[in-house]
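> below are the sequence and a predicted model; questions follow.
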Amino acid sequence: MRRTQWQLKDIIDLEYFLHESGEGEGSESDRAAERQRDREIYLRRIQPRTEAGGPPDRRFMLRAWLEERRAAEKAPPAPEVFLPGEAFDEIYRIALWIFVFLGIFSGAGVAFSLLTYTGHEPLNVSVYLGTLVFLQIAWLLMLLSLLALRMINRRFLNRSLIYTLLSRLLIRLILRFRGKALRGVSGDRRERLRAAVGLMRGKQRIYGFLLYCPAFILAQIFGVGFNVGALGATLLRVMGADLAFGWQSTLQVSAQAVHEMVRWIALPWSWLVPASVAYPSPEQIEGSHMILKDGIYHLATRDLVSWWPFLCFAVLFYGLLPRMLLLLSGLISRNRALSKLAFTHSACDRLIHRLETPGVRTEGRPSAAPPVSPPETPPPPAADTPPVTADEVWERGLIALVPDDIFDACQDRELALVLDRAMGFRLREKVRIGEDYEGDVAVLDRLAQTDWGTGCPMC
């Protein structure tokens, strides 16, 4: 069976519907109707595929269920609604174009400002390189360091300030998008929509890298646009104006030392083009050396114009190409992460259980005779063990079972303070639940082996 393809918008919609199904609200009849609905989806959409091509995988089952829920959500005569995944996808597409144009105009603006030539003195190549090349190299090194830290510690990005700000910005954009459409939705649905989108922030252990990918890709899109704008503006200025480039320094730096540095910088492209084009020669570097007391009238034109190919190649190889490679790696990593999603967290486990479990209903025949009340049983005798006092309970402490989606945000100190004020208990231990089926089973086994006569209570 061909592997089911997922997109980030599908995951957002899946979490939205899982959140609706897992709210735990409503009567028993409502929950029974929900189980019957999910079972009918399995029998109508999933079981025929099972009989035709073997057992479907979990990804296919969840995707089929998601498509059915989407269709039911938009079925007439219900009012026109939009799902959070659709909102994210539309916002993301618009943001891509905004970042492209913003990057192009920003890069062109910076390059034009650096290439403003008045004719009194040549343009300083050090300023151009420092702004458009060296700063980008420093930024790329910092980015590579962050990626290396993530490879060492998978949860590094979840604690990153930049990641937190970007994720909050993305969620705010989704909530504010299509304000008129939101006003047309009932208040209860609007609140559930906000809760479902905010729930993605609590799924960082499951979707952490996927939630970071959109911001990473947008940053690389901006970087590509910035370098395209800077390179295009530089070429336009070179073709449309008579520019002169030179270099100067307060330090006593020889032309030979500058030539060695330039030659090392030009290593990525020096094997592709002739040396006379790849970087200036020692004579051209010496001829473009600006000395304040001597002026510029003694400098030769051929030396002053020898720098522009080197500057364009520097922006291309140290600015544009690395950004394109990072963009490509981000797209590949996103698709690979989507293809490896196993959907094994507890909410998906509960849904799979509802899909695969046949509905069983037992009813007795109505009887004309009045029901016979069971005989009264005497209360059990009191145990000889003395009751546990409140002081003993406080000393033993309390085990707090915290759901996975709020575990990281629930700090031990704050939880202990709330338990002490609200319940008068001391926090002994905080245990994560709801992460996956195996983890919940391990927690239950551990609690089952606890001697509650001398143990501690749960909350």
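Great, that's in hand.
> what about the nearest residue to residue 279 once chain neighbours are set aside, how many residues nearby?
Nearest non-adjacent residue to residue 279, counting by Cβ to Cβ, 6 or more residues apart in numbering: residue 266, 4.2 Å away. Quick note: C-beta positions are derived from backbone N, CA and C, even for glycine. For residue 266, the count of nearby residues is 21 (other Cβ atoms under 10 Å).
> quick check: phi and psi at residue 266.
Backbone torsions for residue 266, taken as degrees, to the nearest 10, come to phi -80, psi 10.
> enumerate every residue touching it.
Under the criterion of Cβ atoms under 8 Å, 6 or more residues apart in numbering, the neighbours of residue 266 are 278-279, 310, 313-314.
> export the residues you listed to CSV and tack on distance to residue 126 and neighbour count?
Putting these into CSV (distance: Cβ to Cβ, whole Å; neighbours: other Cβ atoms under 10 Å) gives the following:
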residue, distance to residue 126, neighbour count
278, 19, 20
279, 15, 25
310, 13, 19
313, 17, 21
314, 12, 25
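> got the residues you listed as JSON lines, with distance to residue 286, secondary structure and pLDDT columns?
Below are those laid out as JSON lines (distance: Cβ to Cβ, whole Å; DSSP: H, G, I helix; E, B strand; the rest coil; pLDDT from 0 to 100):
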{"residue": "278", "distance to residue 286": "18", "secondary structure": "helix", "pLDDT": "90"}
{"residue": "279", "distance to residue 286": "14", "secondary structure": "coil", "pLDDT": "90"}
{"residue": "310", "distance to residue 286": "15", "secondary structure": "helix", "pLDDT": "94"}
{"residue": "313", "distance to residue 286": "21", "secondary structure": "helix", "pLDDT": "95"}
{"residue": "314", "distance to residue 286": "20", "secondary structure": "helix", "pLDDT": "95"}
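> just the residues you listed now: which is nearest residue 419?
residue 314 (60.1 Å; Cβ to Cβ).
> from residue 358, how far off is the residue lying closest to the closest one once chain neighbours are set aside?
Distance criterion Cβ to Cβ, 6+ apart; nearest residue to residue 314, sequence neighbours excluded, is residue 133 at 4.8 Å. For residue 133, the distance to residue 358 equals 66 Å [Cβ to Cβ, to the nearest Å].
> the stretch 101-250 of the chain: strands as residue ranges?
123-124, 245-246 (DSSP state E, counting those that start in this stretch).
> thinking again about what came up before, who has more neighbours, residue 133 and residue 358?
residue 133 (19 against 7).
> correct me, but the more buried one touches residue 312?
No. Assessed by Cβ atoms under 8 Å, residue 133 is found out of contact with residue 312, at 10.9 Å.
> before we move on, the earlier item: can you list the strands of the stretch 101-250 of the chain in CSV and add mean neighbour count?
Shown next, in CSV, are these (neighbours: other Cβ atoms under 10 Å):
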stretch, mean neighbour count
strand 123-124, 19
strand 245-246, 22
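> what about the most centrally placed residue in the chain, distance to residue 11?
With distances taken as Cα atoms, centre = their mean, residue 211 lies nearest the centre of the chain, 1.7 Å away. With distances taken as Cβ to Cβ, residue 211 is found 9 Å from residue 11.
> for residue 18, same thing?
10 Å.
> show me what stretch 321-340 is in contact with.
3, 5-8, 136, 140, 143, 209-210, 213, 216-217, 220-221, 223-224, 226-227.
> now the residues you listed: which count as buried?
Among the contacts of stretch 321-340, those scoring as buried are 6, 8, 136, 140, 143, 209-210, 213, 216-217, 220-221, 223-224, 226-227 (criterion: 16 or more other Cβ atoms under 10 Å).
> out of those residues, what pair is the most spread apart?
6 and 136 (33.9 Å).
> turn the strands of the stretch 101-250 of the chain into a markdown table, columns for distance to residue 108.
Converted to a markdown table, the strands of the stretch 101-250 of the chain look like this (distance: least, Cβ to Cβ, whole Å):
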| stretch | distance to residue 108 |
| --- | --- |
| strand 123-124 | 16 |
| strand 245-246 | 19 |
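> CSV for the ones you listed, including distance to residue 32 and mean pLDDT?
Shown next, in CSV, are these (distance: least, Cβ to Cβ, whole Å; pLDDT from 0 to 100):
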stretch, distance to residue 32, mean pLDDT
strand 123-124, 77, 86
strand 245-246, 79, 86
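> is it true that residue 112 touches residue 237?
Yes. If you go by Cβ under 8 Å, residue 112 and residue 237 touch, sitting 7.0 Å apart.
> in stretch 443-453, what counts as buried?
residue 443.
> ditto for stretch 251-271
255, 258-259, 262, 265-266, 269-270.
> burial count for residue 98?
13.
> helices or strands up against the helix or strand hosting it?
If you go by DSSP states H and E, residue 98 is part of helix 84-114. Counting by 3 or more Cβ pairs under 8 Å, 6 or more residues apart in numbering; DSSP states H and E, the packing neighbours recorded for helix 84-114 are helix 8-21, helix 161-176, helix 187-199, helix 204-240.
> domain map for this structure?
Per automatic domain parsing, the structural domains of the chain span 1-244+308-359, 248-306, 390-448.
> of those domains, which stretch is the most buried?
When you average the neighbours per residue for each of the domains of the chain (mean count of other Cβ atoms under 10 Å), domain 1-244+308-359 leads with a mean of 16.
> now do it: distance to the chain's middle.
Chain-centre distance of domain 1-244+308-359: 6 Å, with Cα atoms, centre = their mean, to the nearest Å.
> what's the spacing between residue 243 and residue 447?
Residue 243 is 76 Å from residue 447, by Cβ to Cβ.
> mind listing the strands for the stretch 351-459 of the chain?
Using DSSP E, counting those that start in this stretch, strands in the stretch 351-459 of the chain cover 398-403, 427-433.
> list the helices and strands the shortest one packs on?
Helices and strands touching strand 398-403, by 3+ Cβ pairs under 8 Å, 6+ apart, are helix 412-422, strand 427-433.
> can you state the direction angle for it and strand 427-433?
Angle, strand 398-403 to strand 427-433, by axes from the mean of the first three to the mean of the last three Cα atoms, to 10 degrees: 20 degrees.
> what's in contact with strand 398-403?
Contacts for strand 398-403 (Cβ under 8 Å, 6+ apart): 410, 415, 419, 423, 425-434, 443, 447, 456-459.
> shaky segments in the stretch 101-250 of the chain?
In the prediction, the stretch 101-250 of the chain carries residues with pLDDT under 70 at positions 119, 150-151, 153-205, 208.
> repeat that with 90
Within the stretch 101-250 of the chain, the stretches with pLDDT under 90 are 116-124, 139-140, 142-216, 219, 240-250.
> now the stretch 251-400 of the chain
If you take pLDDT under 90 as the line, the stretch 251-400 of the chain has these spans: 251-256, 273-277, 281-306, 333, 337-400.
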